[in-house]
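Colleague: pasting the structure only:
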């Protein structure tokens, strides 16, 4: 059994006479920094000149947007390489693109977007940044989007500093292969999955592939944590008292974690039963695509591993009431570098009376989402696509990618458990 030290943090904010508190949850797991989030159903359709769309959630829309990436000098260590990205709109239409964490339009989150591959080794660099559970509708409401008008070009600069550990693959030439998928919205804030018309990969040279993950840095972090009160199974930060955190919050957090365990077990049983009977249920098709296009062995291995997690016994939850990530539409995240403070953040909501925290059932699903990111659980589960409708479109168009997307894993587990 894996022993993860995890933390959960909850945030609350009074609005007039009621508390509408997105709460955040920090979970500390082994050597990873972990964060959680909710998702909301989204719809959308093809863009027109005034950004009006006819919703069709099962389609991935093509855009005329073209991407060019350049790396100054094209070589260096992972602490030195910067990537400049230009995105051009050659059409007569205006596009509203959401600043999702894994897109070029977000330069602050430290999420995965470049997917470097070594030309000399099958080993992939270990990602040390954040895997984020993000809420598209909330981000749109907060104005976290970019408008690109007809004939306009926008550019962004991304630093690869400390985002990857190139130690195992070693020095050499790497190809950057960002995802072509983006989220777009129309004037009515309908949201849909879309793709660039052109996004050629580029090569970079890593001249010094030293590892940023070492035993000493990990020991220092653990020593610092052991000297704090954050070793309790469920720790409530003092800042939450001003936000009227319910006294039964620890019990509700524990109930959410226990529900996540039951949900993961049922998702595992459902998949294994379908495999044994050589069937493929509507839930499996909805979230992972047609049976013949899915890597069933890998999916089974991932779900067995997730179901093997012991929530809440091997996790610690740390609750606070700050606002920082919610302002970006982020509900949770996990970070892969042990030298950083390992924590999970996750947002929930509070009732008008301020007496209850709505942690279940979506909170349980979010715990499954984030645990799938852990290196010793499913190892390669990724982010990039957010929201139920976008995930369904992905399952239809690219089943292999869908089964390696954390939101698809979460929504599948929820749909099986709640029979929807």
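Modeller: Done, it's in. Bear in mind the structure is a predicted one, so any value in this text is a computation, not a measurement. Numbers count the residues shown, from 1 in each chain.
Colleague: Residue 396 - how many residues pack around it?
Modeller: Using other C-beta atoms under 10 Å, residue 396 has 18 neighbouring residues. C-betas here are computed from N, CA, C, even on glycine.
Colleague: Who are the packing partners of the helix or strand harbouring it?
Modeller: Assigned by DSSP states H and E, residue 396 belongs to helix 388-397. If contacts are counted by 3 or more C-beta pairs under 8 Å, 6 or more residues apart in numbering; DSSP states H and E, helix 388-397 sits against strand 191-195, helix 282-288, helix 399-402, helix 406-417.
Colleague: which one of the ones you listed lies closest to residue 310?
Modeller: helix 406-417 (16.1 Å; C-beta to C-beta).
Colleague: Now render the helices and strands packed on helix 388-397 as JSON lines, adding distance to residue 306 and mean pLDDT.
Modeller: Formatted as JSON lines, these follow (distance: least, C-beta to C-beta, whole Å; pLDDT from 0 to 100):
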{"stretch": "strand 191-195", "distance to residue 306": "24", "mean pLDDT": "91"}
{"stretch": "helix 282-288", "distance to residue 306": "14", "mean pLDDT": "97"}
{"stretch": "helix 399-402", "distance to residue 306": "16", "mean pLDDT": "93"}
{"stretch": "helix 406-417", "distance to residue 306": "7", "mean pLDDT": "94"}
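Colleague: Reformat these as CSV; add distance to residue 142.
Modeller: Shown next, in CSV, are the helices and strands packed on helix 388-397 (distance: least, C-beta to C-beta, whole Å):
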stretch, distance to residue 142
strand 191-195, 14
helix 282-288, 28
helix 399-402, 27
helix 406-417, 20
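Colleague: Deepest in the core, which of these is it.
Modeller: Most buried of the helices and strands packed on helix 388-397, by mean neighbour count (mean count of other C-beta atoms under 10 Å): helix 406-417, with a mean of 26.
Colleague: List the residues that contact the nearest residue to residue 102 once chain neighbours are set aside.
Modeller: Spatial nearest neighbour of residue 102, chain neighbours left out: residue 384 (4.4 Å); criterion: C-beta to C-beta, 6 or more residues apart in numbering. By C-beta atoms under 8 Å, 6 or more residues apart in numbering, the contact set of residue 384 is 100, 102, 112, 179, 181, 405.
Colleague: just checking, the last one touches residue 388?
Modeller: Right, the one you point to is residue 405. No: at 11.8 Å, residue 405 does not count as touching residue 388 under the criterion of C-beta atoms under 8 Å.
Colleague: Looking at the two, which has the bigger crowd around it?
Modeller: residue 405 (25 against 21).
Colleague: From residue 269, how far off is the residue lying closest to the more buried one once chain neighbours are set aside?
Modeller: Of all residues not flanking residue 405 in the chain, residue 385 sits nearest, at 5.3 Å (C-beta to C-beta, 6+ apart). Relative to residue 269, residue 385 is positioned 26 Å away (C-beta to C-beta, to the nearest Å).
Colleague: Name the residue in the two with the higher neighbour count.
Modeller: More crowded of residue 385 and residue 269, by other C-beta under 10 Å: residue 385, with 24 against 13.
Colleague: Can you tell me the SS state at that one?
Modeller: Assigned by DSSP: H, G, I helix; E, B strand; the rest coil, the conformation of residue 385 is coil.
Colleague: Quick one, grab the pLDDT at the closest residue to residue 193 other than its chain neighbours.
Modeller: Distance criterion C-beta to C-beta, 6+ apart; nearest residue to residue 193, sequence neighbours excluded, is residue 390 at 4.3 Å. Residue 390 carries a pLDDT score of 89 in this model.
Colleague: what's around residue 390, how many residues?
Modeller: Residue 390 sits with 28 neighbouring residues when counted by other C-beta under 10 Å.
Colleague: average pLDDT for the helix or strand containing residue 146?
Modeller: If you go by DSSP H and E, residue 146 is part of strand 145-148. Average pLDDT, strand 145-148: 96.
Colleague: That concludes my questions; thank you for your assistance.
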